[in-house]
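Enquirer: Sequence plus predicted model, see below.
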Amino acid sequence: MTLEIAIPNSPKTTPDARRARTGLRPVDYLLLTAGVVLTVVVVKLFRDVSVPWVPGDSPDTVSTDPSNLPYYAARTTLRMFVGLGASVLFTLVVGQWAAHSRRAEKVLIPMLDILQSVPVLALVSITVSAFIALFPGSYLGAEAACVFAIFTAQAWNMTFAYYQALRNMPRELDESARMMRLTRWQRLTQLEIPAAMVPMIWNGMMSFGGAWFMLASSEIISVSGNDQALPGMGSFIAAATSEAAVGKLLLGAAVMVLTIVLVNVLFWRPFTAWSERFRVENAEAALAPRSLVLDLLRRTTIPGRVTARLRPVGELVDRGMRIFGRATRSPYERRGSRAGDAVFFAALFAAIGWGAWTLARYFERTVGFAEFGPASLMGLASLSRVVVLLVVSTVVWVPVGVWIGMNPRICRFAQPVVQVLASFPAQFLYIFVVAGLTYTGISLNIGGTVLMALGAQWYVLFNVIAAAGQIPTDLREAMDDLRVHGWERWKSLILPAIAPGYVVGAITAFGGAWNATLVGEVVDSGSTHLEAFGLGAYITNATVNDQFAKVLLGTLVMSVVTVAINRLVWRRLQRKAETRFALI
């Protein structure tokens, strides 16, 4: 198999260690220069975000001078990577916990269902005061609130992907880890993270693109009813859209596309090619993904030198982690005592009951229970758009995703294109949407679904690409030898193989579509205002008017609908995909 369980503390000399004994090469100097430049840029940006600041002193918009675009792109990219780092840490902790603890799974997975459907605007409006209080008198408070918004656009999808990958990990790898008596730390670092690497990277790319899509909602925060615009591409989009400046929007779009392509070439493409070493299959792929940047890194001696210096630290950490014991029991056998379950679920239901009672009293004092009627009707209207979006996305993108994922040559060129499309903010298109809807007379109640699709449909495509790419080569060759083609091949191999990945993509797309209602149901361009009947418009208007109770009510309705459908539909499909179609 391509993925192997490494034997710890092996004395074998690695190529990196042999390379570290030689002198520096020209490519080493290139890497060092790039590292120095990157460090200088990051330090400069961090100095800019730690300046003194008082809420209300910043303008509600940023300059649309095109000369500021490189700086805006750098500020936004830094926030994106800080959010990505926090999302990876969250994914490893929460995904691991949910996959290995039956009780934790009962709490964490529904919480993730709720959190992925909570709009970015609602989360920012709820948490912004806490972040500003955490960094009083400093711009870091506003930056932390913005990074948290970006984190919420990335973390849930990545956590679902990691959780699903652990649940679908081949049983023979689990048995091998227990036979070798790996410690829990060794199992995590040498088995579980490598086994989940491919879907993690693909869903990381998708989550990164989702954060780009929600930039305008992330970089303009509301503090005490006043908008505060942080320097970045999202705030530039909002300012240019407000001015109806088509030329500046097109220039901003060009800079943003260039930034996304550079991030793909310098970061995501090397990770995608590197992750092929962790693919679980018995035969090598005919054409593995390549990366020029990864090829250059493999020629340098610096990684080998750094690894050699850090090896004692790694061994020390490995010895320290032995206090957590060995992974002698399979995580697939997640048992619990009846008495413990009774206490746990009693406490859980008591906490839910107390929270429901507290919310009910709050709504009674503020908006009144009568407000649930209009909010629920708007929720049903938004739900209809979400369902239509998901059905169309499935019909269109499942065949395309399978075609891309099963053809590495196509995947090499399609990956950056798909990432650019997934990252393109809907706000860039507002001017053209207003013009098109005005010309055709189509209501935003219909046209808004297209804007929502720009942010949600890609979850299906990315997960299908990742799932199709993991279909073992030997199974494909067996199908060729048996001359199984057409619908029979789809029915017996492709659809069962991509089922677990598709379900994860559909769940995250369902939650992402709810989030996208905020940009699809309210459109402002210049003096033109278009609004659809839906829950996204309800929450957006409440946020603009600083009506926190209505924001909370709309978020609650959205969360209840999402969790109910996930419990009744998606989780059942997920269990079926795990038990019947997982390649284990």
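Expert: Now that the structure is in, tell me what you want to look at. Numbers count the residues shown, from 1 in each chain.
Enquirer: List the buried residues for stretch 78-96?
Expert: Within stretch 78-96, the residues scored as buried using 16 or more other C-beta atoms under 10 Å are 78-84, 86-88, 90-92, 94-96. (Each C-beta comes from the backbone N, C-alpha and C, glycine too.)
Enquirer: My assumption is that Ile471 lies in a strand; please confirm.
Expert: No: read with DSSP: H, G, I helix; E, B strand; the rest coil, Ile471 is coil and lies in no strand.
Enquirer: how much space between it and Met406?
Expert: Separation of Ile471 from Met406 (C-beta to C-beta, to the nearest Å) stands at 7 Å.
Enquirer: And Trp458, by the same measure?
Expert: 19 Å.
Enquirer: so what sits against both of Ile471 and Met406?
Expert: Common neighbours of Ile471 and Met406 (criterion: C-beta atoms under 8 Å, 6 or more residues apart in numbering): Ile494.
Enquirer: low-scoring stretches of the stretch 451-584 of the chain, by residue?
Expert: Residue ranges of the stretch 451-584 of the chain with pLDDT under 70: 455, 525-527, 578, 581-584.
Enquirer: Now stretch 253-272 - C-alpha only, PDB.
Expert: The C-alpha trace of stretch 253-272 is given here as PDB (Å, rounded to 0.1, in the frame of the first residue of the first chain):
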ATOM      1  CA  ALA A 253     -11.000  41.000  -9.400                       C
ATOM      2  CA  ALA A 254      -7.700  40.700 -11.500                       C
ATOM      3  CA  VAL A 255      -5.600  41.300  -8.300                       C
ATOM      4  CA  MET A 256      -7.700  38.800  -6.400                       C
ATOM      5  CA  VAL A 257      -7.400  36.100  -9.100                       C
ATOM      6  CA  LEU A 258      -3.700  36.700  -9.200                       C
ATOM      7  CA  THR A 259      -3.500  36.300  -5.500                       C
ATOM      8  CA  ILE A 260      -5.500  33.100  -5.500                       C
ATOM      9  CA  VAL A 261      -3.400  31.600  -8.300                       C
ATOM     10  CA  LEU A 262      -0.200  32.500  -6.500                       C
ATOM     11  CA  VAL A 263      -1.400  30.900  -3.300                       C
ATOM     12  CA  ASN A 264      -2.400  27.800  -5.300                       C
ATOM     13  CA  VAL A 265       1.000  27.500  -7.000                       C
ATOM     14  CA  LEU A 266       3.100  28.300  -3.900                       C
ATOM     15  CA  PHE A 267       1.000  26.500  -1.300                       C
ATOM     16  CA  TRP A 268      -1.800  24.200  -2.300                       C
ATOM     17  CA  ARG A 269      -0.300  22.600  -5.400                       C
ATOM     18  CA  PRO A 270       2.800  21.500  -3.500                       C
ATOM     19  CA  PHE A 271       0.700  20.100  -0.700                       C
ATOM     20  CA  THR A 272      -1.600  18.300  -3.200                       C
END
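Enquirer: of Trp458 and Met406, who's got more company?
Expert: Trp458 (28 against 18; other C-beta atoms under 10 Å).
Enquirer: so the more buried one touches Val420, yeah?
Expert: No: using C-beta atoms under 8 Å, Trp458 makes no contact with Val420, being 10.6 Å away.
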